[in-house]
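>>> Kindly generate the corresponding structure for this input.
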Amino acid sequence: MNRLPPSLLLVLLVTCLAGTGTTSAGEPRARDLGVPFDGTPGPLNAITDVSGVTVGQVTLIEDLDSSRKVRTGVTAIVPRGRLSLNSPVYGGWFALNGNGEMTGTTYLDEMGQIDGPILLTNTHSVGVVHDAVIAWRVRAGPADASGYWWSSPVVAETWDGDLNDINGFHVRAEHVDRALDGARGGPVAEGNVGGGTGMICHEFKCGIGTASRRVEVADRSYVAGALVQANYGVRQTLTIAGVPVGKHLPVDDLRLPALSGDSGSIIVVLATDAPLLPHQLKRVARRAALALGRLGSFAGNGSGDLFIAFSTANAQALSGASITESTSLANLALDPLFLAVVQATEEAIVNSLVAARDMQGTDGHVAKALPHAELVTLLKRYGRYRAPH
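Take a look at the predicted model:
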């Protein structure tokens, strides 16, 4: 086993990205390459534009021997930051195609609320992450009224086994703790980070991406934000800003197992400060599917396309009182928010592609990143290039 010394691994190979910075300083996002998007983003163009939302990420990269590589991690989205320990949020979820896992959804359907953070990781680490987030909550906050911490966490996954030694079970409880303890507001790292470290999207290297939109509803301003862990799709159908990018960039640069159709997955986490009730948030969550369609997804048989939405409004209504009152937008007023969610999700996915970098993983597998220069050339060829401001 050709392992690096533990001290060097700690410094170089286990990277904690607590919601600050990008994958490396100065790396472009999709808008910086001239990809045109509709709508007005928030100041960070990230899910953390929704006040109170924090993100923490731990990235695990280690070469175990000549064939086995660790390329995985954990991403934590905390709806109210540390207040989430005792202050739930209204939520709703939707499965476009259910070949995947998102825990806590039975409770969410029944109660209409999310009681803590949302964790993203790889398929075979759902169990350890689920246990770890409960233990973290027990340590971090007081017990509920019964004297216990009853908890049904939301943990979602996508498969990174083409690049990651997934059956080595390298995600551990301390990584979950680090992601949760390090969750912050501010810019969110994208690409080969956190739960997205080993993910592949439309047969390009992919990972974590985020975006946001400002929206005016009934003379008030709200924010909708999206964070994705993208790992779905085939190359041929990839479409960016209406440009059939996948048809111009054939799959001749991969060293990966052959795909049998669309066998990947995507998790979409949607946040807003608009006052919405659980049934409305389920409606919001469904709209993420339209963003995937814009990019060329057809939610293939092997894909797990799972979306969850929450609102940071109505904190008092979830304070535990016997009688509470909630406010909400009227259903007739939701169209601008629906559009904002589609726009933010679409841009978040493209950001996850643009931020990712080539990665060599386990068993000699290699995933190549979306080539920026070729993307810009295609945008100009189809008249879709928009010069960055």
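
>>> Dihedrals phi and psi, the nearest residue in space to Gln360 that is not next to it in sequence?
With Cβ to Cβ, 6 or more residues apart in numbering as the criterion, Gln360 has its nearest non-adjacent residue at 5.0 Å, and that residue is Val366. Glycine gets a C-beta too; all of them are placed from N, C-alpha and C. Per-residue torsions, Val366: phi -130, psi 130 (degrees, to the nearest 10).

>>> again with His130
Phi and psi for His130, reported as degrees, to the nearest 10, are phi -60, psi -50.

>>> For it, give its distance to Ser151.
Counting by Cβ to Cβ, to the nearest Å, the separation of His130 from Ser151 is 9 Å.

>>> Mind checking which of these two has more residues around it?
His130 (21 against 17; other Cβ atoms under 10 Å).

>>> In space, what's closest to the more buried one - neighbours in sequence excluded?
Val155 (4.8 Å).

>>> how far away is the one you found from Ala132?
From Val155 to Ala132 the distance is 9 Å (Cβ to Cβ).

>>> Helices of the protein, start to end?
Counting by DSSP state H, the chain has helices at residues 6-8, 105-111, 126-140, 173-181, 245-248, 278-286, 288-294, 335-355, 372-381.

>>> Val217: which of these is closest?
Closest approach to Val217 among these is made by helix 335-355 (5.3 Å; Cβ to Cβ).

>>> which strands and helices sit next to that closest one?
The contact analysis (3 or more Cβ pairs under 8 Å, 6 or more residues apart in numbering; DSSP states H and E) places helix 335-355 against strand 200-201, strand 208-217, strand 220-231, strand 265-272, helix 278-286, helix 288-294.

>>> if we can go back for a sec, burial check on the residue nearest to Gln360, number of neighbours?
15.

>>> what's the answer for the one 5 residues further on, then?
Pro371 has 15 neighbouring residues, counting by other Cβ under 10 Å.

>>> my guess is Thr197 meets Lys69, correct?
No. Contact between Thr197 and Lys69 fails when scored by Cβ atoms under 8 Å: they sit 10.7 Å apart.

>>> Could you pull up phi and psi at Asp165?
phi -70, psi 70.

>>> Burial check on the closest residue to Ser352 other than its chain neighbours, number of neighbours?
Residue nearest to Ser352 in three dimensions, not counting chain neighbours: Gly209, with 2.8 Å by Cβ to Cβ, 6+ apart. By other Cβ under 10 Å, 29 other residues sit near Gly209.

>>> Ok, the one 5 residues further on next?
For Arg214, the number of neighbouring residues by other Cβ under 10 Å comes to 15.

>>> dump the residue contacts of it.
By Cβ atoms under 8 Å, 6 or more residues apart in numbering, the contact set of Arg214 is Gly39, Thr40, Pro41, Gly42, Ser221, Tyr222, Val223, Ala340.

>>> Low-confidence stretches in the stretch 251-389 of the chain?
Scanning the stretch 251-389 of the chain for pLDDT under 70 picks out 252-254, 258-261.

>>> rerun that using 80 as the cut-off
251-263 (pLDDT under 80).

>>> ok, Leu378 touching Val245?
Yes. Applying Cβ under 8 Å, one finds Leu378 in contact with Val245, separated by 5.8 Å.

>>> So for the two, which sits in the more crowded spot?
Val245 (26 against 20).

>>> Distance of the nearest residue to that one once chain neighbours are set aside relative to Ala317?
Using Cβ to Cβ, 6+ apart and skipping the chain neighbours, the partner closest in space to Val245 is Leu238 (5.0 Å). In this view, Leu238 and Ala317 are 42 Å apart by Cβ to Cβ.

>>> hang on, isn't Pro153 packed against Tyr107?
No. Using Cβ under 8 Å as the test, Pro153 is too far from Tyr107 to be in contact (9.4 Å).

>>> Counting neighbours, go ahead and name the busier of those two.
The neighbour comparison of Pro153 against Tyr107 (other Cβ under 10 Å) goes to Pro153, with 21 against 17.

>>> All set, thanks.
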